[in-house]
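1. Turn this into a model:
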Amino acid sequence: MRVTGLRASELRTLRWQDVDFEMGFVYVRQRADAYNQMGEPKSRAGYRDIPAGSMVLNALRRWKLRCPKSDLGLVFPAPRGGVLQHTNTQSRFRKLQEQVGVKLRWHDLRHFAVSLWIEQGISIKEVMTFAGHSSIQMTMERYGHLFPSPDHQNAMAEVEAKLLG
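-> Presented below is the predicted three-dimensional model:
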């Protein structure tokens, strides 16, 4: 799910009704606060439709068969069906990191997803929308250095010419 770039607060409140297997989208419609209360996203930009690839959708299909039941219809419910506490999410994430031998912050996975979108040539406007940023300026302040430009290519060509003749 991390290739969707969802924030932890959004993953914790993702409902099955917000996963569109037919159209291939994950719809962000709510988030959880620090007290596990479900509510609206912080801004209008937080409401968004994120395309999901077949690997994500297939993993979710398999998970749906094993997923604990939740009166709230949550994709990732707490054992009793409510919203997972953020601290429990973090604890599980740390254990997984230890198993695979990496050290990351949860939010690093979101940055990774956004970086992949940029690498794949997704437009600045679409990256802004998928990430839930309120402005292109915000996206560019965080990720502008990752967007390729003709200036970068020209500069690298000049470096190559100087080095290799």
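2. and the helix or strand where residue 117 lies, what does it pack onto?
-> Element membership of residue 117 [criterion: DSSP states H and E] is helix 106-119. Using 3 or more Cβ pairs under 8 Å, 6 or more residues apart in numbering; DSSP states H and E as the contact test, the elements touching helix 106-119 are helix 86-100, helix 124-131, helix 136-143. In short, each C-beta sits where N, CA and C put it, glycine included.
3. how far does that helix sit from the chain's center?
-> Put simply, helix 106-119 sits 7 Å off its chain's centre (Cα atoms, centre = their mean, to the nearest Å).
4. Same question for stretch 73-93.
-> 17 Å.
5. Quick check: buried residues in it?
-> 74, 75, 76, 77, 78, 82, 83, 84, 86, 89 (16 or more other Cβ atoms under 10 Å).
6. what does the average pLDDT come to for it?
-> When pLDDT is averaged over stretch 73-93, the result is 91.
7. One more: stretch 36-56?
-> The model assigns stretch 36-56 a mean pLDDT of 94.
8. Need the contact partners of that stretch.
-> 1, 3-6, 10, 12-13, 19, 24-33, 60, 72, 82-86, 128-130, 132-134 (Cβ atoms under 8 Å, 6 or more residues apart in numbering).
9. Do you know the pLDDT at residue 153?
-> 68.
10. show me the contacts for residue 143.
-> Counting by Cβ under 8 Å, 6+ apart, residue 143 touches 114, 115, 118, 127.
11. sorry, back to before: dump the helix holding residue 117 to PDB, restricted to CA.
-> Extracted in PDB, the C-alpha atoms of helix 106-119 (Å, rounded to 0.1, in the frame of the first residue of the first chain):
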ATOM      1  CA  TRP A 106       7.200   5.500   8.400                       C
ATOM      2  CA  HIS A 107       7.000   8.700   6.400                       C
ATOM      3  CA  ASP A 108      10.000   7.600   4.300                       C
ATOM      4  CA  LEU A 109       7.800   5.200   2.500                       C
ATOM      5  CA  ARG A 110       5.500   8.000   1.400                       C
ATOM      6  CA  HIS A 111       8.500  10.000   0.200                       C
ATOM      7  CA  PHE A 112       9.700   6.900  -1.700                       C
ATOM      8  CA  ALA A 113       6.300   6.600  -3.400                       C
ATOM      9  CA  VAL A 114       6.300  10.200  -4.500                       C
ATOM     10  CA  SER A 115       9.800   9.900  -5.800                       C
ATOM     11  CA  LEU A 116       8.800   6.900  -7.800                       C
ATOM     12  CA  TRP A 117       5.900   8.800  -9.400                       C
ATOM     13  CA  ILE A 118       8.300  11.500 -10.400                       C
ATOM     14  CA  GLU A 119      10.800   9.000 -11.800                       C
END
